[in-house]
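Chemist: sequence and predicted structure below; questions after.
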Amino acid sequence: MKKGMFVLRVFFVLICTGAGYSLGEGSPGLSTVFGFIGGLLVVFFEAFARKVSLRGLSSAVFGIILGLLLAKIFGEALRLFFVPEDITYNLRVFFTLIFIYLGLTLGIKGRSDFSLIIPYVKFKRQELKEEEIVVDTSSIIDGRMLDIVKAGFLEGQFIIPIFVLNELRALADSTEHLKRQKGKRGIEILHSLKKEPNVEVKINDEDVEGVSSVDEKIVKMAHLLGVKILTTDYNLNRIAQLQGVRVLNINDLANALKPIFISGEVFSLRLIKEGKEYNQAIGYLEDGTMVVVEAAQRLLGKVVKVEVSSILQSPSGRIVFTKLLKQQ
């Protein structure tokens, strides 16, 4: 895409240069230079305009219109006073520039509150729900983001950096079976996301200079764009938070939705493996919560009834400590 835009811009500058040459009857050399410079100025303006948000542009235009309206009112008000025409003209020009400047600055500064109100009707900005989110490799491979989108809890524009897409391609082409499966799964998830009506998947082909690792590039890109990051990576989560970047961690969401146990609650559990401490056994709930059972190593492989003793909330998830219910 970058190469295509470069070719298009060069072609446009050449057309402007040729148009300048053809229009310059008396001095074709000078008109050719003007055509070339004019083409470059248009290309520079187009490249700069890409960085301006629709909300900022709308508020700036509204500010200019407001400034022109105030200048018009001021000019009409001058007619009520018998001021000479030449002085009136100079005052109108001077105050038109002032009102346009004030309207433009007020519009840009107040773009977050920008709205157009008609009595009893308020037109809300549509871009308010177009939230942009940078997506990392781990959340794509994880796949739960697709279920969250289908449930309607996540909408907006998903930004997929080109280096994340390259990482998925590298995984899909890996000689290791597990990595190859992860890469293919991630690419399939992206194809499924593009079909969802509530989200837009956008590939950002801009690279991030000055950093080498993919995680650092994601954090820096999100910081520059002023958007959130969607991830399941604990380390990326911590790095982003340290740099003031907001993170949507799917694991945090899953932990928040897990059932909350209270001390003394009883439930059944299948014991799967030995625990770290002496005579402990470990089982898992359907949502993946780890349950540690004291004095139950002898009952491995069996379904037992346990009573909740305490709950530990660790960075990696919730751990429930229990004891066997009576004699089993």
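Modeler: Happy to help now that I have it.
Chemist: how far away is the residue nearest to G156 when sequence neighbours are not counted from V291?
Modeler: In space, G156 comes closest to E131 once its chain neighbours are excluded; the distance is 3.5 Å by Cβ to Cβ, 6 or more residues apart in numbering. Quick note: C-beta positions are derived from backbone N, CA and C, even for glycine. Noted for E131: a distance of 37 Å to V291, by Cβ to Cβ, to the nearest Å.
Chemist: same check on F158?
Modeler: For F158, the distance to V291 - Cβ to Cβ - is 35 Å.
Chemist: what's the answer for L68, then?
Modeler: Distance from L68 to V291, by Cβ to Cβ: 69 Å.
Chemist: neighbour-wise, which of these two wins?
Modeler: The neighbour count for L68 versus V291, taken as other Cβ atoms under 10 Å, is higher for V291 (22 against 14).
Chemist: the more buried one sits in which helix or strand?
Modeler: Element membership of V291, judged by DSSP states H and E, is strand 290-294.
Chemist: do I98 as well
Modeler: Assigned by DSSP H and E, I98 falls in helix 85-109.
Chemist: how far does that helix sit from the chain's center?
Modeler: Put simply, helix 85-109 sits 38 Å off its chain's centre (Cα atoms, centre = their mean, to the nearest Å).
Chemist: now stretch 277-289
Modeler: Remark: stretch 277-289 is offset 37 Å from the chain centroid, using Cα atoms, centre = their mean.
Chemist: neighbouring contacts of it?
Modeler: Applying Cβ atoms under 8 Å, 6 or more residues apart in numbering, the contact partners of stretch 277-289 are 254, 257-259, 269-275, 290-297, 299-300, 317-320.
Chemist: out of those residues, which are buried?
Modeler: The neighbour count (16 or more other Cβ atoms under 10 Å) marks 254, 269, 271, 275, 290-294, 296-297, 317-318, 320 as buried among those.
Chemist: JSON lines for those residues, including distance to L248?
Modeler: Listed next are the buried ones among the contacts of stretch 277-289 as JSON lines, based on distance: Cβ to Cβ, whole Å:
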{"residue": "A254", "distance to L248": "12"}
{"residue": "L269", "distance to L248": "31"}
{"residue": "L271", "distance to L248": "35"}
{"residue": "G275", "distance to L248": "33"}
{"residue": "M290", "distance to L248": "24"}
{"residue": "V291", "distance to L248": "28"}
{"residue": "V292", "distance to L248": "30"}
{"residue": "V293", "distance to L248": "34"}
{"residue": "E294", "distance to L248": "37"}
{"residue": "A296", "distance to L248": "38"}
{"residue": "Q297", "distance to L248": "40"}
{"residue": "G317", "distance to L248": "17"}
{"residue": "R318", "distance to L248": "19"}
{"residue": "V320", "distance to L248": "26"}
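Chemist: ok, so of the residues you listed, who is nearest E167?
Modeler: Ranked by distance to E167 (Cβ to Cβ), the buried ones among the contacts of stretch 277-289 are led by A254 at 23.4 Å.
Chemist: so who does that closest one touch?
Modeler: Here A254 is in contact with 144, 287-288 (Cβ under 8 Å, 6+ apart).
Chemist: just confirm it is within a helix.
Modeler: Yes: under DSSP: H, G, I helix; E, B strand; the rest coil, A254 sits within a helix.
Chemist: now it: how far from H177?
Modeler: Distance, A254 to H177, using Cβ to Cβ: 27 Å.
Chemist: buried stuff in stretch 246-256?
Modeler: For stretch 246-256, the neighbour count (16+ other Cβ under 10 Å) marks 247-252, 254-255 as buried.
Chemist: try stretch 86-101
Modeler: By neighbour count on 16+ other Cβ under 10 Å, the buried set for stretch 86-101 is 92, 95-96, 99-100.
Chemist: mind putting the buried ones among the contacts of stretch 277-289 into JSON lines with pLDDT and distance to S309?
Modeler: Formatted as JSON lines, these follow (pLDDT from 0 to 100; distance: Cβ to Cβ, whole Å):
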{"residue": "A254", "pLDDT": "81", "distance to S309": "24"}
{"residue": "L269", "pLDDT": "91", "distance to S309": "13"}
{"residue": "L271", "pLDDT": "93", "distance to S309": "16"}
{"residue": "G275", "pLDDT": "90", "distance to S309": "14"}
{"residue": "M290", "pLDDT": "89", "distance to S309": "14"}
{"residue": "V291", "pLDDT": "92", "distance to S309": "11"}
{"residue": "V292", "pLDDT": "93", "distance to S309": "9"}
{"residue": "V293", "pLDDT": "93", "distance to S309": "10"}
{"residue": "E294", "pLDDT": "92", "distance to S309": "8"}
{"residue": "A296", "pLDDT": "90", "distance to S309": "12"}
{"residue": "Q297", "pLDDT": "90", "distance to S309": "17"}
{"residue": "G317", "pLDDT": "72", "distance to S309": "18"}
{"residue": "R318", "pLDDT": "81", "distance to S309": "14"}
{"residue": "V320", "pLDDT": "90", "distance to S309": "9"}
